[in-house]
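**Student:** okay, predicted coordinates and the sequence, questions at the end:
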Amino acid sequence: MNEEKSKATMLKEQLMMKERKGAGDYKAEVLKEADAFCEDYKKFLDNSRTEREAVKYTVELAKKNGFEEFVPDKEYKAGDRIYVVNREKALGLAVIGKNGTKNGVKLAIAHIDSPRIDLKPNPLYEDNGLALFKTHYYGGIKKYQWTTVPLSLHGRVVKLNGEKVDICLGENDDEPCFLITDLLPHLDKEMATKTVSKAFTGEELNILVGSMPFDDSDDKNLVSLNVMKILNEKYGIVEGDFLSAELCFTPCYKTRDIGFDRGLIGGYGHDDRCCAYPSVKAIFDTEIPECTSITYLTDKEETGSDGNTGMQSDFLRYFIYDLAKIDGEEGYRVLSKSKCLSADVNAAFDPTYASAYEPKNASFINEGVVISKYTGHGGKYDTSDASAEFMGEIRSMLEKNEVKWQIGELGKVDIGGGGTIAKYVANMNVDVVDLGVPVLCMHAPFEVIAKSDIYMAYKAFFALFN
Ligand code: MN
Ligand code: MN
C-alpha cells in the first residue's frame with residue numbers, strides 16, 4: 001500500500017478547511033479539565049435562576065476571589081480587583097491593567113436573564129376550587145414547552161413599609177413546586193386542529209398554586225384566601241404587596257449530565273449563563289492584564305436590552321468613564337479604543353431539525369466556541385456585523401491560544417433570526433463580535449450544551465484579557 005499522501009490530500013490540507021471531528025479533536029487531559037470546570041458551572045446554574053440570584057451568587061464568589069466594591073474617585077493600581085452592582089440585577093467585575101484604560105479596556109459581556117414566566121402585577125385568583133396565578137411570559141418561549149414542567153417561585157416583594165422580602169421556593173426537594181396545566185390527549189381534539197402558536201396562548205399560562213380551602217364555611221374563594229394566609233405566615237405579605245413585586249417562575253429541576261458518555265449538560269438558563277460563568281471565571285483568573293479588563297453581566301437581553309439594567313442603559317458606560325477619570329483619560333476616547341466579546345450563545349445544529357440550518361455555516365456541539373459575525377434577521381437588519389479586521393484579530397487570538405472555535409449563523413437566511421447585546425456595544429464605538437457556546441433546544445425549559453464548548457469559552461475570554 002502506498003503510505004505517501006496523494007498530491008490532492010496534501011493540497012487539501014494546505015488550502016481547505018478541516019473536516020469536523022467533534023470532541024475527537026481534544027486531548028484527553030483537555031476533556032478532563034472541561035469536566036472539572038463544569039462541576040462548578042452546574043452549581044452556578046442551579047443557584048442562578050434569575051438575574052438577581054446570579055448577581056448575588058457571583059458577588060459572593062467575587063469577594064472570595066479578592067474583589068472589592070468599587071469606590072468612585074479612589075486611586076487604583078494595576079492588579080486591583082473591583083466590582084460594581086447595578087440595582088442588584090447587573091454586575092461589573094474589573095481587574096485594573098498595567099496600562100489602565102489608556103489603550104482602551106477589554107470587555108466580555110454576557111446576560112444573566114433567561115426566558116421564564118413572570119407573574120402579572122395582580123396574579124391571584126380562584127376558579128372551581130383551584131387557586132391560580134395569572135402570568136406574563138418573559139422572553140421568547142415556545143409556550144407549549146412550559147406546560148406540565150415543575151416550576152419554582154423566585155423574586156422580591158417590597159411591602160408598603162419599604163421592607164424587602166426575597167422569595168425562593170420550590171428548589172429543595174422538601175418544598176412544594178408549581179406548574180402550568182395542560183389538556184389531556186383524550187380531550188384535545190379541538191386543540192389539535194389549531195397551529196401550535198394558536199393552541200397555546202399567553203393568557204392560558206396560569207400557574208396552579210393551591211387547592212385547600214381556609215375552612216369549611218360557605219364563604220367564597222376560600223382556597224385563594226388560604227394561599228394568601230400561607231404567604232402571609234411565611235413572608236409577611238398581603239395580596240396588595242404583589243403590586244410592588246418582581247416574581248417569576250422558572251423550572252426547578254437540577255442541572256444534569258446528558259448521555260451515556262456524560263459529554264453534555266442539560267439545565268435551565270444555559271442561555272446565557274453558560275457564557276456568563278466562563279467570563280466570570282476568566283476575570284477571576286486574570287492577575288495583572290495589560291489593559292484593564294472587565295466582565296459585565298447584564299439583564300433584560302431576552303426582552304431587547306431596554307431598561308436601566310439592560311445593555312442599552314448607560315450604567316457600563318459610566319463605569320468605564322469612572323475608570324478613565326482615575327487615569328486622567330477621556331471616557332469616550334477609552335471606549336473608542338476598547339474591544340469586546342459579546343458573550344452569547346448560538347443555535348447548535350440539531351440533526352432532528354436539520355432543515356432549519358445551513359450546515360456549512362451552522363455551529364455544532366463539541367466544535368468549540370462559536371463566533372457569530374452578525375445576528376439579526378432578513379437582509380442583516382438589527383445587528384452589528386463585525387469587521388474583517390476585528391474578525392481577523394479575534395481569529396488569530398483564538399488560534400494562538402489553542403482555543404477550538406467555529407463560525408455560526410443563526411439558522412438559514414430568512415428563516416428567522418435573533419439579536420444580542422453586540423449592537424449596543426458597537427454603538428458605543430467599541431469593536432465587538434459575538435462569541436459563545438452552541439446550545440441545543442435554546443429557550444426551552446431544559447437546554448443542552450457540551451462541556452468542551454463551555455470550557456473553550458472560558459479559554460477564549462481568558463485569552464482576551466491576557
Ligand atoms: Mn442569549
Ligand atoms: Mn436568548
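**Tutor:** Great, that's in hand. Ligands and ions are numbered 1, 2, ... in the order given.

**Student:** C-alpha from now on. contacts and neighbour counts both.
**Tutor:** Fine.

**Student:** nearest spatial neighbour of Ala199, skipping sequence neighbours?
**Tutor:** Leaving aside its sequence neighbours, Ala199 sits nearest to Met191 (CA to CA, 6 or more residues apart in numbering; 5.6 Å).

**Student:** correction: Gly267
**Tutor:** Of all residues not flanking Gly267 in the chain, Thr255 sits nearest, at 4.4 Å (CA to CA, 6+ apart).

**Student:** Val439 belongs to a strand?
**Tutor:** Yes: assessed with DSSP: H, G, I helix; E, B strand; the rest coil, Val439 lies in a strand.

**Student:** how many residues are close by it?
**Tutor:** When neighbours are counted by other CA atoms under 10 Å, Val439 registers 26.

**Student:** hmm, back to that, distance of the residue nearest to Gly267 relative to Ile449?
**Tutor:** Distance from Thr255 to Ile449, counting by CA to CA, to the nearest Å: 11 Å.

**Student:** quick revisit: got a list of what the residue nearest to Gly267 touches?
**Tutor:** 42, 45-46, 265-268 (CA atoms under 8 Å, 6 or more residues apart in numbering).

**Student:** tell me which two of the residues you listed sit farthest apart.
**Tutor:** Within the contacts of Thr255, Asp46 and Ile265 form the most distant pair, 12.2 Å apart (CA to CA).

**Student:** how about the residue nearest to Ser384 when sequence neighbours are not counted, secondary structure?
**Tutor:** Among residues not flanking Ser384 along the chain, Lys423 sits closest, at 4.6 Å (CA to CA, 6+ apart). With three-state DSSP as the basis, Lys423 sits in helix.

**Student:** buried ones in the longest strand seen in the chain?
**Tutor:** Counting residues, the longest strand found in the chain (DSSP state E) is strand 116-127. Residues 116-126 are the ones in strand 116-127 that count as buried (16 or more other CA atoms under 10 Å).

**Student:** so how far is Lys106 from the nearest residue in space to Lys380 that is not next to it in sequence?
**Tutor:** In this structure, Lys380 finds its nearest non-sequential neighbour in Tyr374, 7.5 Å apart by CA to CA, 6+ apart. Look at Tyr374 and Lys106: by CA to CA, they are 20 Å apart.

**Student:** how about Tyr125?
**Tutor:** To Lys106, Tyr125 is 50 Å away according to CA to CA.

**Student:** what's the average pLDDT for the helix or strand where Met456 lies?
**Tutor:** Using DSSP states H and E, Met456 sits in helix 451-465. For helix 451-465, mean pLDDT rounds to 98.

**Student:** circling back to that earlier point, hang on, the residue nearest to Ala199 is in a helix, isn't it?
**Tutor:** Yes: per three-state DSSP, Met191 lies within a helix segment.

**Student:** where does whichever residue of the stretch 351-466 of the chain sits closest to ligand 1 land in three-state SS?
**Tutor:** Closest to ligand 1 within the stretch 351-466 of the chain is Thr420: 6.3 Å, counting by CA to the ion. Following three-state DSSP, the label given to Thr420 is coil.
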